[in-house]
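> can you look at this prediction? I've put the sequence above it.
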Amino acid sequence: MEPIRVRVNLGLGLCELRNLQHLGISESNLTGSLPECFSNLTSLEHLYLYSNQLFGNISVLERLISLESLDLSSNQFSGNISALKSLKSLRKLDLSNNNFEIPSSLGPLFNLSKLQYVIVYNNTIYAETEMYYAAPTFQLKYIGLSCRDAATFPQFLYHQHDLRYVDLSNIKFIGEFPNWLLENNTHLHTLILANNSFSGNFELPFLSHTDLSNLDISKNFFHGNISNEIGAKLPSLSFLNLSKNYFGGSIPVSIGDMNSLVELDLSNNNLTGGVPEHLAIGCSSLRVLILSNNSLQGKMFSSNFNLINLEELQLDQNHFSGRIPDCLSNCTFLSTLDVSNNQLFGEIPRWMKNLSRLSILDLSNNRLVGEIPRWMGNMSYLEEIVMAKNHLEGSIPKEFCLLNHNLKLLDLSVNNISGSLPSCFSPFWISQVYLSRNKLKGPLTNAFRNSTILVTLDLSYNHLIGNIPNWIGRLSQLSYLLLNNNRFKGGIPVELCKLGHLSLIDLSNNNLSGTIPHCLKITTLNDISQDYVRYVAAVAQAPSSFSTEEPIQFTTKNITYSYKGRVLSLMSGIDLSCNSLTGEIPHEVKNFQKIHGLNLSHNSLTGPIPPSISDLKQIESIDLSHNNLSGKIPSQLVELYSLSFFSVAYNNLSGSTPDRTAQFATFDESSYQGNLFLCGAPLPKNCSTFGPTSSMSKASTDNDSIDMNVFYVSFVVSYVMVLLTIASVLYINPYWRRIWFYRVEAATTSCYYFLEDYVLPKRFHCGNM
């Protein structure tokens, strides 16, 4: 009988259908609890209510003794499962993704002799205080069990002998590898024990297990060597995942005997040696090979290589050396190639252009040389190009403009790439661009103009010139803008105010002038990331390649940090230091509610420090040093309890320093030095004796401002008269003239070397002062 699929209230007429055998109301946004009259449906054999918003307990189901299949997954049910004790006909049970409290022994289900399939992922699994010593009456074929809390290993599994599929992942079970599961269940084809707390050696079954095809024991604490007999004991494996453990020794040669192996993941262990030649020859069906983050060394592969069906190859973060092996040219199905963080050298091989399906290429952090190949622009499937931290040179080929329709990530940072950015290079779906620490020059013309879902744009530490283009306001999803340490000039474009997702802005160490836009907004990626994901899914109709695992450098607290992952999504800051900005600090700075770091140092800002800065409750670093700020330091700043770095040094501030309470008790004299009319601890000037002088200075300043025009005229006249007098004397007396020019030349030479040795290095590093 076909299931009934309706969008109605559960209690509306359904309870009168006493002869109903099959009821399916799934994915229908049903809410509320199960009605009491549900207990009248005693003929019901199949009940499917998955993917709704139902809640409450399931006690009304205890009279449905004819039920054979019950699926309540992906709801909000809670309570215990004791109501299921009476369902003696039950064969299939799915309670996953609810809030049930289920004993790890499955004790309430022990008398359900027909039960074969139990799926209870993502509930609360607990260990009973009273153990069930009796054996269950059921013999399961399929068990899927995971939870949000730790539990003891299910004892009932010792009594199971017909299991085919076992998934006990994400429960933090402890103990040794349960090889008895394999010995007791000879027809078991899938065993998943990922993300638990198993430890000890990985003990294989005594006899060969020929039915097991999928084994995943990743994310545990297994150690020791992987047995050399694994190929003989588990010969039929098609999927083997031993990643994220503590296995040592070499990769067993016998893995090459697994002729059916399709996926092999041994990443994130302590494996040494090389890739066995027998593996590269015997595992001809292998499509995925992941050996990342080990201590493997030597050449990647020899010429005896038969892995021509590879689709994904990850050998990153090892100690492989030599050139990228030519044998990979036969892997025409390859879509992912990651050999980053090794010791590879030579040029990017020309045969790589034949990998027509390649979409992800990571060659970063090696010793590769030469130019970026032009033919790379013809690899139309490329979505991610990562070749950072090599010795690549030359310009970015114009052929890269052919990648505008698919490219999502480009990282060529820390190389010797020169030339200008191709104006036609503006990938539509790109989300991350890293071109920092190269030798790029010229203006930022139309490159990235149409990259409207760009999240990260890092062009720092280059030789780019000209104005920051106004079209940057079109990059509506931009979160990280890093243009520091270039030669940009002009003002900060007001179009930046259109970007509502900005988290980090670093425009430091440029030649920018003008005022700080009052309308700038700042937030954190954590607050907008879900909006971004939905935007990309709707517009690009494909998963975005954006990842916060790509590190971003930002200077805060006078130290340059690399942020990534969860920390990056919470980080926000503005660095406009080492420019020629003028005007006052905008009072709208109070709108930077999420900001952690603010650096406006080494500019020519004037006016007072806005008291509204005290509204930035999450800020950790404020640097306003080396400006022309005046007035008093707002006393409200002591309310910034997260502040760990503060500097207003070398300004024209006056009055007393903030009270030495909370965080301000930790700041020393260097935070305030260079302000002539500032007094109070930790400065040596005492405000009680400094007060009159301060008043006099203020009065003098007021009087001077009245006669400034007279002062300027008299100064110019006096200066001209002195120059004429010196010129006349030098013209009359040849001896003095020779002495004069000698002294001038000596002084000029001394000043040049002083600037070369002291001032210029400080200017170059002023952002880190």
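Structure received.

> tell me how far the closest residue to Glu495 other than its chain neighbours lies from His501.
Leaving aside its sequence neighbours, Glu495 sits nearest to Gly473 (Cβ to Cβ, 6 or more residues apart in numbering; 2.9 Å). C-beta: built from backbone N, CA, C; applies to glycine. Using Cβ to Cβ, to the nearest Å, we find Gly473 at a distance of 12 Å from His501.

> so which of those two has more stuff around it?
His501 (22 against 15; other Cβ atoms under 10 Å).

> where's that one relative to Ser364, distance?
For His501, the distance to Ser364 equals 27 Å [Cβ to Cβ].

> can you check Ser39 too?
From Ser39 to Ser364 the distance is 63 Å (Cβ to Cβ).

> looking at the two, which is more packed in?
Taking other Cβ under 10 Å, Ser39 and Ser364 do not tie; Ser364 has more neighbours (24 against 15).

> list the residues that contact the more buried one.
Contacts for Ser364 (Cβ atoms under 8 Å, 6 or more residues apart in numbering) come out as Ser340, Asn341, Val386, Met387, Ala388, Lys389, Asn390, Asp411.

> my guess is the third one contacts Ser340, does it?
What that stands for is Val386. Yes: the criterion here is Cβ atoms under 8 Å, and Val386 meets it with Ser340 at 6.8 Å.

> who touches both of these two?
With Cβ under 8 Å, 6+ apart as the test, Val386 and Ser340 both reach Asp362, Leu363, Ser364.

> identify the farthest-apart pair in the contacts of Ser364.
Asn341 and Asp411 (13.1 Å; Cβ to Cβ).

> check the shared contacts of Val386 and Ser340 against Val716 and report the nearest one.
Ser364 (60.1 Å).

> and the lengthiest helix in the chain, how far out from the chain's middle?
Determined from DSSP state H, the single longest helix within the chain is helix 708-732. Centroid separation for helix 708-732 versus its chain: 63 Å, with Cα atoms, centre = their mean, to the nearest Å.

> which strands and helices sit next to it?
With contacts defined as 3 or more Cβ pairs under 8 Å, 6 or more residues apart in numbering; DSSP states H and E, the packing partners of helix 708-732 are helix 734-754.

> which residues sit against stretch 77-95?
If you take Cβ under 8 Å, 6+ apart as the criterion, stretch 77-95 is touched by 45, 50, 54-73, 98-102, 108-109, 111-120, 123.

> list only buried entries from those.
45, 50, 54-55, 57-58, 60-61, 63-64, 66-67, 69-73, 98, 100, 102, 108-109, 112, 115-120, 123 (16 or more other Cβ atoms under 10 Å).

> what's the single longest strand in the chain?
strand 117-126 (DSSP state E).

> just checking: what are the partner strands of that strand?
strand 92-94 (parallel), strand 99-103 (parallel), strand 142-147 (parallel) (DSSP bridges).

> now the helices for the stretch 251-400 of the chain?
Counting by DSSP state H, counting those that start in this stretch, the segments of the stretch 251-400 of the chain that form helices are 277-282.

> also the chain?
Going by DSSP H, the chain shows helices at 179-184, 230-233, 277-282, 525-539, 565-570, 687-706, 708-732, 734-754, 760-764.

> in stretch 597-606, what's buried?
Neighbour count says stretch 597-606 has Gly597, Leu598, Asn599, Leu600, Ser601, His602, Asn603, Leu605 buried, by 16+ other Cβ under 10 Å.

> ok, so of these, who is nearest Leu576?
Leu600 (5.5 Å).

> relative to Ser508, how far out is that closest one?
Taken as Cβ to Cβ, the span from Leu600 to Ser508 is 10 Å.

> joint contacts of those two?
Joint contacts of Leu600 and Ser508 (Cβ under 8 Å, 6+ apart) are Leu576, Ser577.

> contacts only, for Gly200.
By Cβ under 8 Å, 6+ apart, the neighbours of Gly200 are Gly175, Glu176, Phe177, Phe222, His223, Gly224.

> those residues, buried ones only, as a ChimeraX selection?
Selection of buried members from the contacts of Gly200 for ChimeraX, criterion 16+ other Cβ under 10 Å:
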select :177,222
